[in-house]
Structure formats: structure tokens, C-alpha cells
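>>> Quick one, fold the following:
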Amino acid sequence: MSSMGRRDFVALLGGTAAAWPLAARAQQAAMPVIGFLHAGAPEANANNVQAFRKGLGETGHVEGGNVSIDFQWAYGDLARYKELAAELVRRQVAVIVTPLGTAAALAAKAATTTIPIVFSSGTDPVQVGLVPSLKRPGGNLTGVNYMQSELGAKRLGLLHEMVPLASRIALLVNPTNSVAAEATIKDVGTAAVAIGRQVDVVKAATAPEIEAAFGKIVPNRVDALVVAPDPLFFDRAVLIAMLAARHALPAIYGPREFVDAGGLMSYGASNKERYRQVGVYAGRILRGEKPADMPIIQPTKFELVLSLPTARMIGIAVPPSLLAQADEVIE
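Numbering: from 1, shown residues only. Next comes the predicted model:
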């Protein structure tokens, strides 16, 4: 090979090598990005994120393969929703998902009328103004209504069945998550009146306030506790379950993860399943479907989970009627 030929050959190799990272960057730039706006922290939600990825995978989307995910975590600070949603809009993501909480969905809706949004709301999405209809949402939003707030009365009834002599019941809510808190207070309060029980609403918006709330509950001679579904409480399930056990306080929660953390009982739809459904809907939108035409998903199954070790620890016997209703009993 002549010296000229060798130089041309080396130049060709150099040009090809330089083109490889450029091509990779171009492919990455063309990859659609999902904006993931979440109320909590990544550590407490690792399993839920995995369920979301599973749903994406069912539509042929793999993170790092043909889709990218931009995670924006609020770490329990609901005041950051507006800022985080605006950041995702600024980055021009292909779709925004808010897999936990009505407040995050409302923030995303306020931030954009064009980017598709897949939400997961614990309260009625029509009632809070997310969509005009469950069957035909219209606009740029669709998602899952996992009906957490609407189950407050049912949870109170199950707790009453567990401890029928409990006359004074505390309800723990996060006041900064006002939409969900108000819905739960109304639901539980109405149910309490129907069974002749008194409900003390106790508020906590931070981890120290959660501990302080138990300091108020116990001196007031509260007999049992309903913990409202809330991202802040979910991320601190171990703390809340520990405090309830320390004070021998029978408590009921929404997500079953509280029972896994040592809680007494829970009643609600599967967290992992709704994250999976949000992933499926996000993937379908990436494939070209319009959120306006995708009906709101509602759960068809609610699970009652009981922990017998926790019941023994706090000194109560689980009634046979509850054992018969339970979908899962931790021995």
C-alpha cells in the first residue's frame, strides 16, 4: 500500500471512529423520554418503579434501550411539584407520568396542555377536575384511579370489626396533601357517625410531626388508628408501624406495604399493579395512542392483609370473621 493509500486508510478509520459516538448521541437524542414525577423518594419505591418498568416492557419499551426515564422525586415536599413539573415540560419529554397522588397529577396538568400525562390518583379524578369523564377523559390526561380516599369508610369498618370496643379513633392525615386529606376526613367522619364512634383528626406533614402526632394520640386515650393513604406516610411505613406497635395501638392502612413493615392490617388495591398499569398506558401513548381516548382504569380487586405476629405483639385477638375475609394472613 502506498504512503498516500495508508494515509487515506487511516483517515477513513479515524473518521469512522469519530462518527460512532456522534451516531450514538444522535440515537440517544432521538430516544423518547418519559418524565417520572413522584411525590416520594426512590429508596422506598424501588419495587414500584420496577413494576412501572414491567408495564413499559409489556408494550415493547425498555429503559435505556428504546426509551429513557427522567426521574423527578419530591421527597415528600409537595410544594416542589410545580417546579418539578415545569422542569419536565421545559425538557420537552414525550409523556409525563405521576404514579402516586392527586396533587402531582394536578401540578402536571397545570404545567402543560399538550404533553400527554398518565396519572395515578387516589381520589375521584372527575371530582377533583383532572378529567371530565372516566370513559372518555378527553384532553391530554388519562390514568388510574386506585380509589384510596374512597375506601376510608371501609377501612374504618374493618378496624371496628378488629376492635369493636374502640370508641375513640384517630385519623392521621397530611394537611399539605389537602385534596386527599379532605376526602378521607369526610369519608371516615361520615362512617364514624354511622357507627357511633368519635374520630380525632391528627395532622402530620413531616417525619418529626409524625412522631409528635403519636405523642398527641396516646394521651388522648385513643383506642385505634386509621392512617390515611399519603406519599409521606408510605415512605415512612416502618416508622409509623413501629410507633403504632410501641403504643399497642391497633391501626389500619391502605397499601399492604405497611403490613410488610410490621403494621397490623391494610385494605386497598395493589400498589405494584397500578404502577404496572401506569407503565402500560405510558407505553401505549409512546406507540401513538391518544390519552383522550384511553378510559380511566379502576381496580377490580381490593386486598385485606392481616399480620398475626403484630396482633399478638399489641395484645389483641383477630376475630374469625376477619380471618375469613382476609386475602392474606401473615403468620
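
>>> all helices for the stretch 51-200 of the chain, in order.
All helices of the stretch 51-200 of the chain, identified by DSSP state H, counting those that start in this stretch, fall at 81-90, 102-111, 152-162, 178-194.

>>> Could you say which one of those comes nearest to Asp235?
Checking these against Asp235 by CB to CB gives helix 102-111 as the closest, at 13.9 Å. No exception for glycine: its C-beta is placed from N, CA and C like everyone else's.

>>> For that closest one, the averaged confidence score.
Averaging pLDDT along helix 102-111 yields 94.

>>> okay, it in CSV with CA atoms only?
Taking C-alpha atoms only, helix 102-111 is exported to CSV below (Å, rounded to 0.1, in the frame of the first residue of the first chain):
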residue,chain,number,x,y,z
THR,A,102,-53.6,13.6,43.0
ALA,A,103,-51.5,16.6,43.8
ALA,A,104,-48.8,15.6,41.5
ALA,A,105,-51.3,15.0,38.7
LEU,A,106,-52.9,18.4,39.2
ALA,A,107,-49.4,20.0,39.1
ALA,A,108,-48.6,18.3,35.8
LYS,A,109,-52.0,19.3,34.4
ALA,A,110,-51.3,22.9,35.3
ALA,A,111,-47.9,22.8,33.6
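
>>> Please shift the residue numbers so they start at 517 in all later answers.
Let's use 517 as the start, then, which means that last one is helix 618-627.

>>> by contact count, what packs against that helix?
Other elements packing on helix 618-627 under the criterion 3 or more CB pairs under 8 Å, 6 or more residues apart in numbering; DSSP states H and E are strand 549-554, helix 597-606, strand 611-614, strand 633-637, strand 657-661, helix 694-710.

>>> ok, and for it, which residues are buried?
Neighbour counts over helix 618-627 (16 or more other CB atoms under 10 Å) mark Thr618, Ala619, Ala620, Ala621, Leu622, Ala623, Ala624, Lys625, Ala627 as buried.

>>> and of these, the nearest to Val821?
For the buried residues of helix 618-627, the nearest to Val821 is Thr618 (23.9 Å; CB to CB).

>>> And that closest one, how close does it get to Thr706?
20 Å (CB to CB, to the nearest Å).

>>> And Pro680, by the same measure?
Distance of Pro680 to Thr706, computed by CB to CB: 19 Å.

>>> Looking at the two, which is more packed in?
Using other CB atoms under 10 Å as the criterion, Pro680 and Thr706 rank with Thr706 on top: 13 against 10.

>>> pLDDT score assigned to the more buried one?
The score at Thr706 is 93. That number is its pLDDT.

>>> do the same with Gln543
pLDDT recorded at Gln543 is 44.

>>> again, but for Glu666
Glu666 is assigned 77 on the pLDDT scale.

>>> now Ala546
With respect to pLDDT, Ala546 has a value of 78.

>>> how far does stretch 736-755 stretch from start to finish?
Start-to-end span of stretch 736-755 (CA to CA, to the nearest Å) is 21 Å.

>>> Please compute how far it lies from its chain's middle.
Relative to its chain's centre, stretch 736-755 lies at 16 Å (CA atoms, centre = their mean, to the nearest Å).

>>> picking that back up, between the helices of the stretch 567-716 of the chain, which gets nearest to Pro653?
Closest of the helices of the stretch 567-716 of the chain to Pro653 is helix 618-627, at 11.2 Å (criterion: CB to CB).

>>> who's in contact with that closest one?
For helix 618-627, contacts defined as CB atoms under 8 Å, 6 or more residues apart in numbering pick out 553-555, 590, 594, 597-598, 600-602, 604-605, 612, 614, 633, 635-639, 641, 644-646, 657, 659, 693-696.

>>> pLDDT weak spots in the chain?
Applying pLDDT under 70 to the chain picks out residues 517-545.

>>> the domain parsing of it - what is it?
Listed by automatic domain parsing, the domain ranges of the chain are 547-663+786-809, 665-784+819-846.

>>> Any idea how far apart the tips of the first one sit?
Okay, so that is domain 547-663+786-809. End-to-end for domain 547-663+786-809, by CA to CA: 25 Å.

>>> for stretch 723-743, same thing?
Stretch 723-743 has an end-to-end distance of 14 Å (CA to CA).

>>> Distance from the chain centre to it, please.
24 Å.

>>> Please point out which parts of that stretch sit buried.
For stretch 723-743, the neighbour count (16+ other CB under 10 Å) marks Ile726, Ala729, Phe730, Ile733, Val738, Asp739, Ala740, Leu741, Val742, Val743 as buried.

>>> Measure how buried Pro811 is and give me the count.
Using other CB under 10 Å, Pro811 has 12 other residues around it.

>>> what are the ranges of the strands in the protein?
For the chain, applying DSSP state E gives strands covering 549-554, 584-589, 611-614, 633-637, 657-661, 684-689, 714-719, 740-743, 767-769, 781-784, 819-823, 844-846.

>>> Put together CSV for those, with distance to Leu759 on each row.
Putting the strands of the chain into CSV (distance: least, CB to CB, whole Å) gives the following:
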stretch, distance to Leu759
strand 549-554, 25
strand 584-589, 24
strand 611-614, 29
strand 633-637, 27
strand 657-661, 30
strand 684-689, 10
strand 714-719, 12
strand 740-743, 9
strand 767-769, 9
strand 781-784, 16
strand 819-823, 15
strand 844-846, 19
